[in-house]
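>>> here is my input; please provide its structure:
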Amino acid sequence: MCHFRVGKTYYMRSICDHNCIWNCTVLKRTKCFVSLKIKGYVDPVKVKIHTEEGFSECCYPLGTFSMCPLLNSEREVV
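Here you go, the predicted structure:
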């Protein structure tokens, strides 16, 4: 099970366009929330962390809508 770590960068892809990739850097983290700096966006966002038993952490930095991208803590930029 992976966790979001401060200072690390993770990526998420668009469901509609596989070549559309967002890089998100973790600025701050609490037990339930994570603050992210999304490349190409001016302001950082604070979103709730979702976890399920035995799975890695995930969140929805751009909101929850029908085809929203999911940021997973297993997708770390190397």
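>>> what pairs with the most centrally placed residue in the chain across the strands?
Most central in the chain under CA atoms, centre = their mean is residue 71, positioned 3.2 Å from the mean C-alpha point. Residue 71 forms beta bridges with residue 59, as assigned by DSSP bridges.
>>> for it, which residues are in contact?
Applying CB atoms under 8 Å, 6 or more residues apart in numbering to residue 71 gives the contacts 10, 12, 22, 24, 36, 58-61. No exception for glycine: its C-beta is placed from N, CA and C like everyone else's.
>>> residue 4 versus that one, what's the distance?
8 Å (CB to CB, to the nearest Å).
>>> put the alpha carbons of the longest strand seen in the chain into PDB.
Longest strand of the chain, by residue count under DSSP state E: strand 21-29. C-alpha atoms of strand 21-29 as PDB (Å, rounded to 0.1, in the frame of the first residue of the first chain):
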ATOM      1  CA  ILE A  21      -0.600  14.100 -18.400                       C
ATOM      2  CA  TRP A  22      -0.700  16.200 -15.300                       C
ATOM      3  CA  ASN A  23       2.200  16.300 -12.800                       C
ATOM      4  CA  CYS A  24       1.200  17.000  -9.200                       C
ATOM      5  CA  THR A  25       3.600  17.700  -6.400                       C
ATOM      6  CA  VAL A  26       2.600  17.200  -2.800                       C
ATOM      7  CA  LEU A  27       3.100  20.400  -0.800                       C
ATOM      8  CA  LYS A  28       1.400  19.400   2.500                       C
ATOM      9  CA  ARG A  29      -0.300  16.300   3.900                       C
END
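>>> which elements pack onto it?
With contacts defined as 3 or more CB pairs under 8 Å, 6 or more residues apart in numbering; DSSP states H and E, the packing partners of strand 21-29 are strand 9-13, strand 33-38.
>>> next one: residue 67 from residue 17, what distance?
Note on residue 67: its distance to residue 17, by CB to CB, is 10 Å.
>>> about what we covered before: which neighbours do residue 71 and residue 4 share?
10, 59.
>>> just send the helices and strands packed on strand 21-29 back as CSV, with mean pLDDT, mean neighbour count and distance to residue 77 too.
Shown next, in CSV, are those (pLDDT from 0 to 100; neighbours: other CB atoms under 10 Å; distance: least, CB to CB, whole Å):
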stretch, mean pLDDT, mean neighbour count, distance to residue 77
strand 9-13, 97, 18, 4
strand 33-38, 98, 18, 13
